[in-house]
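1. take a look and give me a structure for this.
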Amino acid sequence: MEDIALAVFEWVWFVALIALIVVAIYLFVKLLRYCFIGRAEELAYAGRFYDKGAECFRLKPDKSQLQDILTLAGIYLGYRVVSLGVVYAIKVIFEPGFSFSFDRILYEIIKWDANHYVGIADNWYVTEGDARFHIVFYPLHPIVVRVFSYICPNTKLASVLVSNISFIGCIAAMYKLLRIDFSRDTAKTAVLMLIFVPHGFFFSFGFTESLFLLWSLLFFLMLRKEQWVAAGAFGFCAALTKNFGLVFVVPYGVWLIMLACKNKYRVWGFIRRLLPGFLILAGFGVYLLINKAVTGDWFKFMEYQRDHWYNRLTCPLENVTNHLYWFFDTQDMGHRWFLWFGNISSIAVTAAIFFIGAKKQPFIYSIYTLACLFLTMMVSWLMSGPRYLLVCFSSYITLAAVSKGRPWLKWAIIAVEIILGMIVLLGYMGNESIM
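-> Reported below is the predicted structural model:
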């Protein structure tokens with residue numbers, strides 16, 4: 001019976017994957033067609049363009065924007081404190097012998113990959129022992145943590161501080177970015193969806209997601225404002241923070257082509273705007289140089305990913321099928337629901353939101369989400385799918401857009417996020433495989 005169920009699921013996912021690819025290609029070709037022969041109003045969903053003489057771009061928010069940003073930051077900090085307080089209260093009541101202390105809190109929240117990043121911040125990359133395998137983790141987050149460690153009692157606390165400061169920056173950058181295309185209410189709702197996302201505690205716990213999301217939002221903000229060098233610089237930082245940073249070459253190229261077709265750039269004008277995009281590749285190049293300097297091999301990280309971490313690029317269909325098999329086969333309920341179901345459901349929900357929101361936001365945001373989705377599905381030994389997909393900020397835009405004018409839907413989504421978030425946080429604090 002299980003074999004039949006797996007076969008059915010395999011075919012369902014195969015059809016869904018083919019449909020996803022076909023729709024993505026169709027949207028891309030349609031956009032290019034509009035760029036060449038379409039009318040300006042047909043590009044409304046692909047991003048707003050600005051005429052000469054329009055108000056110049058200022059990164060600093062005005063008074064009303066600053067008030068909204070500070071309010072949202074306060075909600076974020078309050079929610080994190082309250083959710084952690086509830087979880088620790090539950091642990092004190094139901095976990096025999098549990099002792100509440102500051103060191104215990106750091107131990108609970110800095111684990112899995114976060115602990116590896118702390119090790120790199122303390123000792124840099126090494127060539128001996130188990131820590132030699134940590135070359136697979138990108139360097140910018142540990143570098144920033146190391147800088148903050150000089151003003152903190154220890155590196156773990158510095159890691160938490162970096163994550164939370166970065167996420168407050170994400171709130172400001174996302175709000176500012178969304179106000180280009182959306183109303184004030186939609187921008188605030190989207191940021192709230194981000195704050196309450198179930199696995200959002202990773203933004204606060206010393207992982208790379210908050211810093212990477214900050215670079216991502218600043219990249220798109222500069223790109224939309226045609227600040228090409230700044231966009232390239234933030235792309236460089238993203239590519240030096242996480243392997244997903246390389247996907248920024250796609251939205252950079254798409255946006256440049258769109259503007260080139262609309263504004264009829266001359267060859268030199270196009271090249272001048274194209275060159276900063278190579279900074280994104282330069283970020284990855286620096287990471288390769290570190291591999292060479294530390295291990296003597298430009299691509300040592302690939303060997304360790306394959307032989308130690310069991311990761312390689314694989315067919316997305318194979319990955320999903322494996323997850324379904326492990327979900328049905330495992331007898332460990334924690335692994336079944338927190339790990340395998342968590343990965344499958346995060347991919348399915350992100351894909352569904354992608355289809356719903358394809359025409360509700362600028363096209364380059366959807367392209368970015370699609371790239372992140374496919375990269376996640378191509379990791380052969382996927383352990384952290386929900387965490388990887390947290391940075392797909394277009395998902396929160398879609399949720400805000402579909403709940404516009406429907407307050408009951410908005411609060412229902414937030415309520416579901418909070419409930420699931422508490423369950424997942426309890427699992428994480430209970431050392432389930434949520435990483």
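2. Ala351 and Met174, how far apart?
-> Using Cβ to Cβ, to the nearest Å, one gets 22 Å for the distance from Ala351 to Met174. (Glycine included, C-beta is placed from N, CA and C.)
3. more neighbours: the two, which one.
-> Remark: of Ala351 and Met174, Met174 carries more neighbours, 26 against 19, as counted by other Cβ atoms under 10 Å.
4. separation between the more buried one and Leu192?
-> Taking Cβ to Cβ as the measure, Met174 falls 11 Å from Leu192.
5. hang on, Val197 packs against Val416?
-> No: taking contacts as Cβ atoms under 8 Å, Val197 lies outside contact range of Val416: 10.6 Å.
6. isn't His308 up against Arg132?
-> No: look at His308 against Arg132 with Cβ under 8 Å: they stay out of range, at 9.2 Å.
7. more crowded one of those two?
-> For His308 and Arg132, the more surrounded residue by other Cβ under 10 Å is Arg132, and the numbers stand at 15 against 12.
8. contact partners for the more buried one?
-> Arg132 is in contact with 125-126, 295, 304, counting by Cβ atoms under 8 Å, 6 or more residues apart in numbering.
9. tell me which two in the residues you listed are the farthest apart.
-> Pairwise distances across those peak at 12.8 Å for Val126 and Tyr304 (criterion: Cβ to Cβ).
10. who has more neighbours, these two?
-> Tyr304 (18 against 15).
11. in what helix or strand does the more buried one lie?
-> Assigning secondary structure by DSSP states H and E places Tyr304 in helix 300-307.
12. so can I have CSV of the contacts of Arg132 showing secondary structure and distance to Arg80?
-> Below are these laid out as CSV (DSSP: H, G, I helix; E, B strand; the rest coil; distance: Cβ to Cβ, whole Å):
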residue, secondary structure, distance to Arg80
Tyr125, coil, 31
Val126, coil, 33
Thr295, helix, 38
Tyr304, helix, 33
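13. redo these as CSV? Include distance to Phe220 and pLDDT.
-> Converted to CSV, those look like this (distance: Cβ to Cβ, whole Å; pLDDT from 0 to 100):
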residue, distance to Phe220, pLDDT
Tyr125, 30, 92
Val126, 36, 89
Thr295, 34, 91
Tyr304, 32, 87
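14. just give me the closest of those residues to Val286.
-> Tyr125 (13.1 Å).
15. what's around that closest one, how many residues?
-> 19.
16. quick one: it from His116, how far?
-> Distance from Tyr125 to His116, by Cβ to Cβ: 11 Å.
17. same check, this time on Ala260
-> Distance, Ala260 to His116, using Cβ to Cβ: 42 Å.
18. what about Ile290, helix or strand, and which?
-> helix 278-295.
19. buried residues of that helix, list them for me.
-> Buried positions in helix 278-295, judged by neighbour count with 16 or more other Cβ atoms under 10 Å: 279-280, 282-285, 287, 290-291, 294-295.
20. likewise stretch 70-84?
-> Using 16+ other Cβ under 10 Å as the test for burial, stretch 70-84 gives 72-73, 75-76, 79-80, 83-84.
21. make a markdown table from those and add pLDDT, distance to Lys91 and secondary structure to it.
-> Shown next, in a markdown table, are the buried residues of stretch 70-84 (pLDDT from 0 to 100; distance: Cβ to Cβ, whole Å; DSSP: H, G, I helix; E, B strand; the rest coil):
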| residue | pLDDT | distance to Lys91 | secondary structure |
| --- | --- | --- | --- |
| Leu72 | 95 | 29 | helix |
| Ala73 | 94 | 27 | helix |
| Ile75 | 95 | 24 | helix |
| Tyr76 | 95 | 23 | helix |
| Tyr79 | 94 | 19 | helix |
| Arg80 | 93 | 17 | helix |
| Ser83 | 91 | 13 | helix |
| Leu84 | 88 | 10 | helix |
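22. these two touch, right, Ile434 and Gly427?
-> Yes: counting by Cβ under 8 Å, Ile434 touches Gly427, with 5.3 Å between them.
23. overlap of the contact sets of the two?
-> The contact sets of Ile434 and Gly427 overlap at Phe338 (Cβ under 8 Å, 6+ apart).
24. between these two, which is the more surrounded one?
-> A direct count of neighbours by other Cβ under 10 Å for Ile434 and Gly427 places Ile434 higher, at 23 against 17.
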